[in-house]
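Asker: I need the structure of the sequence given here:
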Amino acid sequence: MASSSLSGAAPALVFLVLLIFLVARRTIRQVQGAPFSVPRLFVFAGLYVLLFGALAFTTLYAAVGTWGENAYLLLGPYIALPVVAGVLAAPYVRRIVRFERRESGEWYYRLSWHVPVLYLALFTVRLVAEVAVFGAAGLVPSFPPPAPPSTGALEILVGVDLLFSVSLGLLLGRGVGVVWAHRDLPAEAHAPSPPPSPPLPSG
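Answerer: Predicted structure coming up:
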């Protein structure tokens with residue numbers, strides 16, 4: 001039975017492994033220097049919003065079965081925490097982000113290591129807690145969850161969901177802060193790089 005449930009979850013497990021790889025790769029790139037691209041900043045954030053929504057809905061579904069209508073009170077912090085984290089993160093990132101223009105003329109931005117590493121850590125904590133509560137099948141959102149959680153397990157899931165919501169806010173605020181900082185660059189910095197000079201005539 002366990003093997004069949006794992007085989008059924010295999011595609012989603014592959015997706016999550018790929019997602020963790022992408023998150024880790026972007027963390028490294030943003031410390032070393034990542035190309036500045038508004039679509040790239042927010043398309044990835046959009047996927048993160050969808051993932052958070054699916055995971056939070058799973059917990060909320062289980063909470064309604066355990067706590068009844070009181071579970072809907074979770075919607076307040078689930079919505080408020082990402083907003084507050086984003087509002088705090090955006091001006092901070094705006095101050096600390098650094099830009100450099102490479103020889104290709106493309107802008108790259110660099111963040112202090114603690115900013116992307118913090119959000120990677122919060123993302124990982126959510127997955128570890130999911131496995132601890134539901135086992136391997138809990139790595140993917142399911143409706144309803146794989147097994148009715150106990151009150152203690154449900155409280156753990158709510159706690160890590162709230163951590164995950166903070167990381168979501170940090171991600172969105174980071175993107176906004178990077179865009180603001182890019183707009184703060186001097187006007188001449190936004191001018192396209194001049195083409196290379198032609199070689200001098202010989203003789």
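Asker: Number of residues surrounding the residue nearest to residue 38 when sequence neighbours are not counted?
Answerer: The shortest distance from residue 38 to any non-neighbouring residue, by C-beta to C-beta, 6 or more residues apart in numbering, is to residue 179 (6.1 Å). For every residue, glycine as well, the C-beta is placed using N, CA and C. Number of residues near residue 179 (other C-beta atoms under 10 Å) recorded here: 19.
Asker: Any buried residues in the helix or strand where residue 179 lies, and which?
Answerer: Residue 179 is part of helix 151-184, with elements assigned from DSSP states H and E. Using 16 or more other C-beta atoms under 10 Å as the test for burial, helix 151-184 gives 153-154, 156-158, 160-179, 181-182.
Asker: ditto for stretch 43-57
Answerer: Within stretch 43-57, the residues that count as buried by 16+ other C-beta under 10 Å are 44, 45, 48, 51, 52, 55, 56.
Asker: Is it possible to get a markdown table of the residues you listed that adds pLDDT?
Answerer: Formatted as a markdown table, the buried residues of stretch 43-57 follow (pLDDT from 0 to 100):
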| residue | pLDDT |
| --- | --- |
| 44 | 78 |
| 45 | 82 |
| 48 | 80 |
| 51 | 80 |
| 52 | 84 |
| 55 | 79 |
| 56 | 84 |
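Asker: Can you flag which of these belong to helices?
Answerer: Judged by DSSP state H, these include 44, 45, 48, 51, 52, 55, 56 as members of helices.
Asker: Now do the same contact list for residue 77.
Answerer: 162, 165 (C-beta atoms under 8 Å, 6 or more residues apart in numbering).
Asker: mind showing which ranges of the protein have poor pLDDT?
Answerer: Scanning the chain for pLDDT under 70 picks out 1-13, 15-16, 115-116, 119, 130-131, 133-149, 187-203.
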